[in-house]
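**Q** mind folding the following:
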Amino acid sequence: MVISVRKWLRSVKFGILFIALAYLLYKMLGTFGGYLFPEDKYRIPDGSAIKAFQTERAGNYGIEFMADRLKLFYWYGE
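**A** All right, here's what the predicted structure looks like:
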C-alpha cells in the first residue's frame, strides 16, 4: 500500500479550511442573530402601545369579559 504524502496533506488542508470556514459562519450567524431576533418578546410596550393580554382574573367577571371580547372580535372582523 502506497501512502501519498501529497494527497494526505491536501486532505488535511481541506479539513482545516472546512473547519475554519464553518467556525467563521457560526460566529457570523451568532453576531447577526442579535440583530435578527428580538431580545425580549414579552417586555412592557414602549410609547403609546398597550399590552393586549392580561393574566389577572377579576372575580366572576370572566364570562362577561369573554362575551365582550367575542363581540369585539366579530365587530372588527378580525
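
**Q** tell me the pLDDT of residue 18.
**A** If you check residue 18, the pLDDT there is 98.

**Q** what is the burial count for it?
**A** Other residues within reach of residue 18, judged by other Cβ atoms under 10 Å, total 10. Glycine gets a C-beta too; all of them are placed from N, C-alpha and C.

**Q** okay, and it sits in which element?
**A** Using DSSP states H and E, residue 18 sits within helix 5-36.

**Q** state the mean pLDDT of the helix or strand following that helix.
**A** Counting by DSSP H and E, the element after helix 5-36 in chain order, helix or strand, is helix 62-76. Taken as a whole, helix 62-76 has a mean pLDDT of 76.

**Q** on that earlier part again, how about the helix holding residue 18: buried residues?
**A** Buried residues in helix 5-36, counting neighbours by 16 or more other Cβ atoms under 10 Å, are absent.

**Q** give the rounded mean pLDDT of stretch 23-41.
**A** Stretch 23-41 comes out with an average pLDDT of 83.

**Q** spatially central residue in the chain, please.
**A** Nearest to the mean C-alpha position of the chain, by Cα atoms, centre = their mean, lies residue 37 at 5.0 Å.

**Q** any idea how far that residue lies from residue 29?
**A** To residue 29, residue 37 is 11 Å away according to Cβ to Cβ, to the nearest Å.

**Q** again, but for residue 17
**A** Remark: distance between residue 17 and residue 29 (Cβ to Cβ) = 19 Å.

**Q** what do you get for residue 67?
**A** Taking Cβ to Cβ, one finds residue 67 at 47 Å from residue 29.

**Q** likewise for residue 66?
**A** Going from residue 66 to residue 29 by Cβ to Cβ gives 43 Å.

**Q** what's the answer for residue 15, then?
**A** Distance from residue 15 to residue 29, counting by Cβ to Cβ: 21 Å.

**Q** go on, residue 4?
**A** Using Cβ to Cβ, residue 4 is found at 37 Å from residue 29.

**Q** same thing with residue 2?
**A** Distance, residue 2 to residue 29, by Cβ to Cβ: 42 Å.
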